[in-house]
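Asks: this is a predicted model, with the sequence first.
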Amino acid sequence: MIGYTFKRKILLLEALTHGSYQQNAGTTSYERMEFLGDSVLEMVVTDYLYHAAGKHYSPGHLHLRRSAVVNTHFLAFVCLDTSVKFDAAMPHFVDGDMINEEDIQEIPLWKCIFHSNIRVMEDQANTHSRFRKRRDEIWDALRHDKIFPWAALTQLQAPKFFSDIIESVLGAIFLDSHGDIDIARETIIRLNILPVLERIVKDEVDVWHPVSRIAQWAGKHGKDLDFQFEKERGEIKCNVLVEGKVEASAVDQFRGTVSQDEVKLVAAEEASRALRFRNAHMNQEVHSKKGKRNAKDNAIDTDVMMATTSTATSMH
């Protein structure tokens, strides 16, 4: 499943133990492992971006691209997409002859979590249902689209424990391998995290959060930007207005504040595509042959930090 065999199995057990688990498993929950794994993941991702051939990303752009593959939405998707298939066939006799028919079954990583909470079980089932509907769409965007699929990932509505498991398992591998960062990197590759990042860098994918992207565009060009919400018959609609004109809209079932935030994100992403808000200052590589940064680079870094800080809650 993850391409690593643990020498100390207790570490894997701890990495998969939710805080609600009430049985005596001889271990604590995965919270400390998650904290460690988060640091390991960021270290590997930052190292790749820092040494990306020919890019010389400034700090702001390093942060922007790193955020795309270490946020809770993307890591939850990785967790949901990680599984192992095996042949569970059991030999049986028919008319005196032993039959051994193939019985391929699949165990997803998220089903390996130890917990004692009915809410967690419900969240697993509901999130997996949404994942099945959007999996192909998300993978197609990750592999081919020029814009990172923030909206589709967010619409999975995955609780944080899905992304926690990815980080805690990485933390456990780091400990079990005695701090071997290369082994951790191999796991991050196998989980498709680094391959997605490589594609972001290679194809210059626009990874700005959609709301930040159009807000930054509006600020730079002196445009009035507004998000207008309409609720009717159990649905909520968000209109993106630029100078009072509706440029994009999105509709979803109303489920409170969460659905309002999601429909705003979808509308913002549609507005970004419709208006071609992909200006050079939003996703450009910072090339500095002499190793010096100019005033424009500094301005970009300030914009990136301000915009990504404003959406930190949804990313982490």
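Replies: Perfect, thanks for sending it.

Asks: after the top helix by length along the chain, which helix or strand is next? Please name it.
Replies: The single longest helix within the chain, with elements called by DSSP state H, is helix 118-144. Using DSSP states H and E, the next helix or strand after helix 118-144 towards the C-terminus is helix 150-154.

Asks: can you give the contact residues for that following helix?
Replies: Helix 150-154 is contacted from outside by 73-74, 76-77, 134, 137-138, 141, 209-210, 262, 265-266, 268-269, 314, using CB atoms under 8 Å, 6 or more residues apart in numbering. Any C-beta I mention is one placed from the backbone N, CA and C, and that applies to glycine too.

Asks: mind running it again at 7 Å?
Replies: In this structure, residues lying in contact with helix 150-154 by CB atoms under 7 Å, 6 or more residues apart in numbering are 73-74, 77, 134, 137-138, 141, 209-210, 262, 265-266, 269, 314.

Asks: following the chain past it, name the next helix or strand.
Replies: Assigned by DSSP H and E, the successor of helix 150-154 is helix 160-176.

Asks: can I get the CA coordinates of that following helix in PDB?
Replies: Only the C-alpha atoms of helix 160-176 are listed here, as PDB (Å, rounded to 0.1, in the frame of the first residue of the first chain):
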ATOM      1  CA  LYS A 160      -9.100  16.400   9.000                       C
ATOM      2  CA  PHE A 161      -8.400  12.800  10.200                       C
ATOM      3  CA  PHE A 162      -8.000  11.700   6.600                       C
ATOM      4  CA  SER A 163      -5.000  14.000   6.000                       C
ATOM      5  CA  ASP A 164      -3.800  13.300   9.600                       C
ATOM      6  CA  ILE A 165      -3.300   9.700   8.700                       C
ATOM      7  CA  ILE A 166      -1.000  10.500   5.700                       C
ATOM      8  CA  GLU A 167       1.200  12.700   7.900                       C
ATOM      9  CA  SER A 168       1.200  10.300  10.900                       C
ATOM     10  CA  VAL A 169       2.200   7.400   8.700                       C
ATOM     11  CA  LEU A 170       5.100   9.500   7.300                       C
ATOM     12  CA  GLY A 171       6.100  10.400  10.800                       C
ATOM     13  CA  ALA A 172       6.100   6.700  11.700                       C
ATOM     14  CA  ILE A 173       8.200   5.800   8.700                       C
ATOM     15  CA  PHE A 174      10.700   8.500   9.600                       C
ATOM     16  CA  LEU A 175      11.100   7.100  13.100                       C
ATOM     17  CA  ASP A 176      11.200   3.500  12.000                       C
END
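
Asks: quick one: neighbours of residue 160, just the number.
Replies: Residues lying near residue 160 (other CB atoms under 10 Å) number 12.

Asks: leaving out sequence neighbours, find the closest residue to it.
Replies: residue 72 (5.7 Å; CB to CB, 6 or more residues apart in numbering).
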